[in-house]
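K.L.:
My questions concern the predicted model and sequence given below.
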Amino acid sequence: MKKRINVKGEAWLAQIIFDPLSYVHPRRLRLPVSLDTPRQRAIVNRMLLGDLAEMSNRIEMAQQQLLRHWRDLPYICTLIGAQLMRQDLAWRGRLLTLPAPVLFFMSLPIRQAIGVTSEMSALPARCGSADVLHQVQGAGVSCILDWQMKAPSALLERMRLMFPPELDGHFESARKPPRASELFLILQAIQYAKNHPNLV
């Protein structure tokens with residue numbers, strides 16, 4: 001069911017639609033201080049939006065939940081990926097590369113409660129410590145994208161901007177309907193992110 005969001009939500013949605021510079025990942029674009037003026041930002045935003053599809057302000061319920069937590073999506077994806085890949089991360093001390101709030105989320109008994117299977121993990125056997133965070137976040141991105149498989153491409157294109165270019169492949173992969181256990185994990189990660197903001 002599509003629903004129009006309220007006025008406060010519309011202002012926030014307008015920022016997501018028209019101001020990608022406010023959330024673009026620094027590995028994709030970092031604006032020099034000399035260009036950080038309202039006029040220059042407007043020009044850069046127009047450039048970023050040039051190839052993106054137009055987005056409607058009529059959004060389904062699942063997308064509304066995604067938009068409510070827009071700024072926390074990289075953190076939420078990291079939490080989800082860490083739970084999905086917990087067993088793989090224990091190998092060779094890879095856990096030590098993750099921030100403390102993520103480690104605390106991993107210590108929660110969610111994995112046993114939802115019965116996560118090993119095929120949900122995506123960490124290659126050989127993965128350097130520098131790649132661990134990208135792998136973890138990528139697993140979370142895939143899970144979120146499965147949940148948002150009916151989301152308009154315009155929204156997903158904007159979501160892609162929040163993540164480093166190394167994760168672009170996850171946005172191009174085939175989607176599958178999420179399992180109930182994955183939906184439960186997503187909701188737990190969203191709740192945790194709300195109660196334990198990422199201060200890193």
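P.N.:
Nice, I can see it.
K.L.:
how distant is stretch 22-41 from the center of its chain?
P.N.:
20 Å (C-alpha atoms, centre = their mean, to the nearest Å).
K.L.:
Beyond the longest helix belonging to the chain, next helix or strand please.
P.N.:
Using DSSP state H to define each element, the chain has its longest helix at helix 129-147. Where DSSP states H and E defines the elements, the next helix or strand beyond helix 129-147 is helix 153-160.
K.L.:
how about that next one as CSV, C-alpha atoms only?
P.N.:
The C-alpha trace of helix 153-160 is given here as CSV (Å, rounded to 0.1, in the frame of the first residue of the first chain):
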residue,chain,number,x,y,z
SER,A,153,15.3,2.2,-8.5
ALA,A,154,15.6,6.0,-7.8
LEU,A,155,15.7,5.2,-4.0
LEU,A,156,18.2,2.4,-4.4
GLU,A,157,20.4,4.6,-6.6
ARG,A,158,20.5,7.2,-3.8
MET,A,159,21.2,4.5,-1.2
ARG,A,160,24.2,3.3,-3.2
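K.L.:
quick one: buried residues of that helix?
P.N.:
L155, L156, E157, R158, M159, R160 (16 or more other C-beta atoms under 10 Å). To be clear about C-beta, it is placed using only N, CA and C from the backbone, and glycine gets the same treatment.
K.L.:
now the angle between helix 129-147 and it, please.
P.N.:
160 degrees (axes from the mean of the first three to the mean of the last three C-alpha atoms, to 10 degrees).
K.L.:
Quick one: list the elements packing against helix 153-160.
P.N.:
helix 7-18, helix 61-68, helix 168-172 (3 or more C-beta pairs under 8 Å, 6 or more residues apart in numbering; DSSP states H and E).
K.L.:
for T37, phi and psi?
P.N.:
phi -120, psi 160 (degrees, to the nearest 10).
K.L.:
coming back round to it: tell me which residues in the longest helix of the chain are buried?
P.N.:
Quick answer for helix 129-147 (16+ other C-beta under 10 Å): 131-147.
K.L.:
From L67, how far off is R158?
P.N.:
Distance, R158 to L67, by C-beta to C-beta, to the nearest Å: 10 Å.
K.L.:
Could you pull out the residues contacting both of these two?
P.N.:
I16 (C-beta atoms under 8 Å, 6 or more residues apart in numbering).
K.L.:
which ones are touching W70?
P.N.:
Counted by C-beta under 8 Å, 6+ apart, W70 has contacts W12, I16, Y23.
K.L.:
Give me the number of neighbouring residues for the last one.
P.N.:
Residue neighbour count, defined by other C-beta atoms under 10 Å, stands at 16 for Y23.
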